[in-house]
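Student: Okay, here's the prediction I keep looking at, along with the sequence it came from:
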Amino acid sequence: MCPRVTSHLTSLVMPGRRPTPLDLPVGDTRRYTHQTAVIGVIIGSEGIMALWVPLLAGAWSDRLRSRIGGRLPFVVAGAVPAAAMLVLIGVLPSLAAIAGVAALFFTFYFVAYEPYRAMYPDLLEGEDIAGRAQGTQAVARGIGTGCALLGGGLLLSLARPLPFAVGGFVLLAAVGAFVVLVLRRGWAEQDGHDLTRPRHLAARLRRLIAHERALRAYLIANALWEMALAAFKAFVILYLTIGLHYELASASLIVGAVAVVILGGAAAAGKLGDRFGSIRIVRVALWAYGAGFLVLVFTTSRPLIIAAIPFVALGGGAVMTLAYAILMPLMPEHEHGLMTGFYSFSRGLGIIAGPILAGVLISITGSGPFASTHGFQAMWIVCAGAAFASLFFVGRLRRALQDRPGH
């Protein structure tokens, strides 16, 4: 989930914040404080787009031919309108309007992102460095996420449209620099030339999943990993501000500090994954990840929360880093775009479920066992449950890979 979109929803539900001319009426603002399920549905709209847009964009990019390759046209065509939608979200006055524009934003986002991600296996020289390559990408992603959460909160305190305008500019600048660098380096050649219809793409993907036990296990495991992460990202700022009564600027600084720890876990996980195996490292990380979340379910003690955060951050950094590295060896040749779409389809399932389940639990427990945090403590139940449940499917994935010929 784009951190700036989450920050905007935070601004609509923050109690006690001085309204600006762009804000909802005060009564409506207070009403939305209790509608965490609605917020979860809006944030989960990213997952709805992830169920189908990446499959089309990724597979089409496998077969498109142009003067700048098959992937880059999608990156450019998706990034420009996505930046425009991001800027527009910053000035919209209602959650209904935000929901509609957010759906468009995520559509264009996946049009650009899936072909971009498919370029990783295109350009990677050897699977033995897949973990380190993803580690490098995860560090850059973590830096961006940390800057977005930290800078977004600070910019939001100055003016509500500001973080979205800055985000749109950063998106265009980053994509522009990426396109220039790729054109200088040269893009990888892609085989194939036919443009397959959507129903044929879906049929081919179903056949791959039906034939490969490893892909079936990965589908559910990765969905659960994203479910934990999506629930966390959707409500962590509200947990800190409404549940634990931190100021928005302080909450942003806390999340920024956590992002620094995540970077350490991401950098280490890539190297460890190449040396000891990505699945083995992920299994260890998931125990730490789930245990950290479990502590947060049962306490609001500041010292215990501080003690649990490194387990969450390091475990989450490792899982984020190695999720795609685990999939890369499972990709059939000349199907990198389609399988990258499969990856995002799996993510989409978790992105839909995580915020919605967390939002419903928060609303149910807000006047019950987690009244002291207005129910936001319940989000950690979703995170912990998803992390621990995924261990079963990681085990099935490992056994399926061991049964493959040559293993």
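Tutor: Good, I have the coordinates.

Student: and Ile48, how many neighbours?
Tutor: By other CB atoms under 10 Å, 16 other residues sit near Ile48. All C-beta atoms are positioned from the backbone trio N, CA, C, and that covers glycine.

Student: what's the answer for Ile351, then?
Tutor: Counted with other CB under 10 Å, residues neighbouring Ile351 total 30.

Student: contacts for stretch 378-387?
Tutor: 224-225, 227-228, 231-232, 234-236, 239, 286, 289-290, 293-294, 296-297, 315, 350, 354, 357-358, 361-362, 364-365, 370 (CB atoms under 8 Å, 6 or more residues apart in numbering).

Student: Inside strands: which ones of those residues?
Tutor: Residues of these located in strands (DSSP state E): none.

Student: what's the least confident helix or strand in this structure, going by average pLDDT?
Tutor: When the helices and strands of the chain are scored by mean pLDDT, DSSP states H and E, helix 26-33 comes last with a mean of 39.

Student: Provide a list of residues in contact with Ile254.
Tutor: Going by CB under 8 Å, 6+ apart, Ile254 touches 240, 246.

Student: Distance from stretch 324-342 to the middle of the chain?
Tutor: Relative to the centre of its chain, stretch 324-342 is centred 18 Å away, using CA atoms, centre = their mean, to the nearest Å.

Student: Just the buried residues of that stretch, please?
Tutor: The neighbour-count criterion (16 or more other CB atoms under 10 Å) identifies 324-328, 330-331, 335-342 as the buried residues of stretch 324-342.

Student: Check which residues of stretch 203-218 are buried.
Tutor: Using 16+ other CB under 10 Å as the test for burial, stretch 203-218 gives 204-205, 208-209, 212-218.

Student: Could you identify the most distant pair in the residues you listed?
Tutor: Maximum pairwise distance among the buried residues of stretch 203-218 (CB to CB): 19.6 Å, between Arg204 and Ala217.

Student: now the strands for the stretch 1-150 of the chain?
Tutor: Counting by DSSP state E, counting those that start in this stretch, one finds no strands in the stretch 1-150 of the chain.

Student: could you list every residue that touches the spatially closest residue to Leu349 that is not a sequence neighbour?
Tutor: Distance criterion CB to CB, 6 or more residues apart in numbering; nearest residue to Leu349, sequence neighbours excluded, is Ala223 at 4.0 Å. Listed by CB under 8 Å, 6+ apart, the contact partners of Ala223 are 346-347, 349-350, 353.

Student: So for Ala223, what's the pLDDT?
Tutor: If you check Ala223, the pLDDT there is 95.

Student: So it versus Leu391, what's the distance?
Tutor: Distance check for Ala223 against Leu391: by CB to CB, to the nearest Å, it reads 14 Å.

Student: Then Thr107?
Tutor: Computed with CB to CB, the distance linking Thr107 and Leu391 is 33 Å.

Student: Between those two, which is the more surrounded one?
Tutor: Taking other CB under 10 Å, Thr107 and Leu391 do not tie; Thr107 has more neighbours (20 against 16).

Student: Do I have it right that that one meets Trp52?
Tutor: No - between Thr107 and Trp52 there is no contact under CB atoms under 8 Å: 9.6 Å.

Student: And for Phe178, the neighbour number?
Tutor: Phe178 is flanked by 16 other residues according to other CB under 10 Å.

Student: Name the nearest residue to it, ignoring sequence neighbours.
Tutor: Phe178's closest residue in space is Val75 (CB to CB, 6+ apart), at 7.3 Å.

Student: Likewise for Phe293?
Tutor: Ala384 (3.7 Å).

Student: Tell me the one of the contacts of Ala223 nearest Arg141?
Tutor: Closest to Arg141, out of all of the contacts of Ala223 and judged by CB to CB, is Arg347, at 13.5 Å.

Student: Tally up the residues packed near the nearest residue to the closest one once chain neighbours are set aside, please.
Tutor: Closest residue in space to Arg347, ignoring its immediate chain neighbours: Glu226 at 4.4 Å, by CB to CB, 6+ apart. For Glu226, the count of nearby residues is 28 (other CB under 10 Å).

Student: ok, Glu226 touching Tyr343?
Tutor: No - applying CB under 8 Å as the test, Glu226 and Tyr343 come out as separate, 10.0 Å apart.

Student: on that earlier part again, so how far is Ala353 from the residue nearest to Leu349?
Tutor: Going from Ala223 to Ala353 by CB to CB gives 8 Å.

Student: Same check on Ala214?
Tutor: Using CB to CB, Ala214 is found at 22 Å from Ala353.

Student: Same check on Val312?
Tutor: Distance of Val312 to Ala353, given as CB to CB: 19 Å.

Student: and those two? which has more neighbours close in?
Tutor: Between Val312 and Ala353, Val312 has the larger neighbour count (other CB under 10 Å), namely 28 against 21.

Student: what mean pLDDT does the helix or strand containing that one have?
Tutor: Per DSSP states H and E: Val312 is located in helix 302-327. The average pLDDT for helix 302-327 rounds to 89.

Student: quick one, strands of the stretch 151-300 of the chain?
Tutor: Counting by DSSP E, counting those that start in this stretch, the stretch 151-300 of the chain forms no strands at all.

Student: Sketch out the helices for it, chain order is fine.
Tutor: 162-185, 198-211, 213-238, 248-276, 278-298 (DSSP state H, counting those that start in this stretch).

Student: quick revisit: using TSV, lay out the buried residues of stretch 203-218 together with pLDDT and distance to Pro303.
Tutor: Putting the buried residues of stretch 203-218 into TSV (pLDDT from 0 to 100; distance: CB to CB, whole Å) gives the following:
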residue	pLDDT	distance to Pro303
Arg204	72	53
Leu205	71	48
Leu208	76	49
Ile209	78	46
Glu212	84	46
Arg213	88	44
Ala214	89	42
Leu215	90	43
Arg216	92	42
Ala217	93	38
Tyr218	94	38
